[in-house]
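Undergrad: below is the structure, and that's it, no one-letter string:
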């Protein structure tokens, strides 16, 4: 069987031995995420034909308008994970608090918690721009069989056992890692099966793209402003190309394939940045490092940050290692 003919299910089973806690539980968990992603993908693809666009009339915990597909995707992923009884807890960007899952006889013997952004970039849905799902998996730290606590979710990103995203674009892909490389699988919609299409994904040696919302330029820290000017200078292999979609999954996916840096810094209006550490930054940082890249808050490694709350926000700089390190040098110079 060639690499390209290998399905996601076959790949997961073949790679299970690489995982030190191999018991089949993680395999079933990733399979559940795969199934939920296919259901959400179906709804995203017909969004313009049904009453699924626009806002749901409510705000999430961050005070942002919840899109109808946000709510739908959140419900689909939670339902799939709960009904299959393969996790002991879930935290979602769309939920105020974490969800503790009871097992049979009210005792849950499962070992993993899942944190997720069910539909990243959902403000782009009604203009037909790619959106995605981001997920992060941790091994619980409280005793198995007891109810999960907040401590099971507030772990530094370096403790992740797996992370990934699903991008609902011109083709639907799931990209994930269990710590041994990053692999991408593309959905064949005719038969509903994901096939390995991007084995061992790595950032190119050089990146030439920078992705940032330059509309916030006047509110950026001085170090970020100087780095943007550096990107625009005509010198050596610069100026870099500016590409910004406004959907983290899409921007990250493009930059990992073509080479570049994505950043959402702190601003005078949002001193802690906008992106959520647990649902967006940690899983993307996990993938970036395993693809030869780097992720930072401008001064510190993202995966070393000890979270203090479920919906914590941090500045985020992620992409080619040399590009992130150059940006860090501008930040430190202006600290």
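TA: That came in fine, so what should we check first? Everything numeric here is computed off the predicted structure, so don't read it as measured data.
Undergrad: neighbours of residue 82, how many?
TA: Neighbour count of residue 82, defined by other CB atoms under 10 Å: 15. (C-beta placed from N, C-alpha, C; glycine too.)
Undergrad: buried sites along the helix or strand hosting it?
TA: In the assignment (DSSP states H and E), residue 82 maps to helix 68-83. Of the residues in helix 68-83, 68, 69, 70, 71, 72, 73, 74, 76, 77, 78, 80, 81 count as buried by neighbour count, 16 or more other CB atoms under 10 Å.
Undergrad: with stretch 265-281 instead?
TA: 265, 266, 267, 273, 274, 275, 276, 277, 278, 279, 280, 281.
Undergrad: now stretch 254-268
TA: Neighbour-count burial for stretch 254-268 [16+ other CB under 10 Å]: 254-257, 259-267.
Undergrad: for the most centrally placed residue in the chain, phi and psi?
TA: By CA atoms, centre = their mean, the chain has its centre lying nearest to residue 134, at 3.5 Å. With angles defined as degrees, to the nearest 10, residue 134 sits at phi -120, psi 140.
Undergrad: then residue 233?
TA: Here is the backbone geometry of residue 233 (degrees, to the nearest 10): phi -70, psi 150.
Undergrad: identify the residues contacting it.
TA: For residue 233, the contact set (CB atoms under 8 Å, 6 or more residues apart in numbering) comprises residue 239.
Undergrad: please tell me how far it sits from residue 227.
TA: 11 Å (CB to CB, to the nearest Å).
Undergrad: which among the buried residues of stretch 265-281 gets closest to residue 169?
TA: Of all the buried residues of stretch 265-281, residue 169 sits closest to residue 280, with 17.8 Å by CB to CB.
Undergrad: so that closest one, which of the three states?
TA: Secondary structure state of residue 280, per DSSP: H, G, I helix; E, B strand; the rest coil, is helix.
Undergrad: check contacts around it.
TA: Per CB under 8 Å, 6+ apart, neighbours of residue 280: 93, 117, 120, 134, 248, 316.
Undergrad: with distance to residue 46 and secondary structure added, can I get those in TSV?
TA: Listed next are the contacts of residue 280 as TSV, based on distance: CB to CB, whole Å; DSSP: H, G, I helix; E, B strand; the rest coil:
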residue	distance to residue 46	secondary structure
93	24	coil
117	22	strand
120	20	strand
134	22	strand
248	24	helix
316	32	strand
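Undergrad: would you show me how to pick out the buried ones of those residues in ChimeraX?
TA: Per 16+ other CB under 10 Å, the buried members of those correspond to this ChimeraX selection:
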select :93,117,120,134,248,316
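Undergrad: what about the stretch 1-150 of the chain, any weak spots by pLDDT?
TA: Filtered on pLDDT under 70, the stretch 1-150 of the chain yields the residue ranges 1-4, 17-23, 47-67, 103-107.
Undergrad: would you map the strands across it?
TA: Taking DSSP state E, counting those that start in this stretch as the test, the strands found in the stretch 1-150 of the chain are 55-59, 65-67, 89-92, 99-100, 112-120, 131-139.
Undergrad: need those strands in CSV with distance to residue 308, can you?
TA: Below are those laid out as CSV (distance: least, CB to CB, whole Å):
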stretch, distance to residue 308
strand 55-59, 23
strand 65-67, 25
strand 89-92, 14
strand 99-100, 20
strand 112-120, 15
strand 131-139, 16
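Undergrad: before I go, just wanted to say thanks for your time.
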